[in-house]
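> based on what follows, work out the 3D shape:
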Amino acid sequence: MPDMVRDVMTPDVLTLSPRDTVVRAAVLMRDQDIGALPVGEDDRLIGMLTDRDIVRRTTAQGLVPSDARVGDAMTKGILYCFDDDSCDDAAISMAANGIRRLPVVNRERRLVGIVSLGDLAKWGAEESAAEALAVICQASHGGYVGQLPGA
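The predicted model follows:
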């Protein structure tokens, strides 16, 4: 089993500018079959944009997607891991923060990839990834995992 995030991450990640339109972001997500993209400015990561962000911060607000900017829809501040972090540490961070993917940076804090719970599970960190997913699902469903409220 690979030990470090660099061994399981997806390299060559597309990034968005905060000035890009939400439509451009959505088209990239559709064409690449991905649900999140890092947002960068001046060679630094400043946020993440997910498909859920687009829905919650533009569409549900009645904004016109062709006029809305990534900077207005993204989640500001960025959680990340280092490429030499252990896979277990990345999974723990994802669980603690309720997220399914993390940008990966090198020690100079330059983006070198992205790692998802699926990457961790695919490459041998199944137990850590499964535990992280269970925590994330429980938190996002108000504690109801596999059961509807009142059932």
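
> so which elements touch the helix or strand containing residue 27?
Using DSSP states H and E, residue 27 sits in helix 22-32. Under the contact definition 3 or more Cβ pairs under 8 Å, 6 or more residues apart in numbering; DSSP states H and E, helix 22-32 sits against strand 36-41, helix 51-57, helix 70-73. C-beta here means a position set from N, CA and C on the backbone, and glycine is covered the same way.

> what's the closest of the ones you listed to residue 109?
strand 36-41 (11.3 Å; Cβ to Cβ).

> quick check: closest non-adjacent residue to residue 86.
The spatially closest residue to residue 86, leaving aside those adjacent along the chain, is residue 3, at 5.9 Å (Cβ to Cβ, 6 or more residues apart in numbering).

> ok so, going back, can you put the helices and strands packed on helix 22-32 in CSV and add distance to residue 98?
Shown next, in CSV, are these (distance: least, Cβ to Cβ, whole Å):
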stretch, distance to residue 98
strand 36-41, 14
helix 51-57, 12
helix 70-73, 19
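
> who wins for proximity to residue 114 among those?
Comparing these by Cβ to Cβ, strand 36-41 comes nearest, at 7.1 Å.

> return the distance of residue 94 relative to residue 16.
Taking Cβ to Cβ, to the nearest Å as the measure, residue 94 falls 21 Å from residue 16.

> if we can go back for a sec, okay, the helix holding residue 27 in CSV with CA atoms only?
Only the C-alpha atoms of helix 22-32 are listed here, as CSV (Å, rounded to 0.1, in the frame of the first residue of the first chain):
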residue,chain,number,x,y,z
VAL,A,22,-19.6,30.0,-13.0
VAL,A,23,-20.6,28.8,-16.4
ARG,A,24,-17.0,28.2,-17.4
ALA,A,25,-16.5,26.3,-14.2
ALA,A,26,-19.6,24.2,-14.7
VAL,A,27,-18.5,23.3,-18.3
LEU,A,28,-15.1,22.2,-17.1
MET,A,29,-16.6,20.1,-14.3
ARG,A,30,-19.0,18.5,-16.8
ASP,A,31,-16.4,17.9,-19.5
GLN,A,32,-13.8,16.5,-17.0
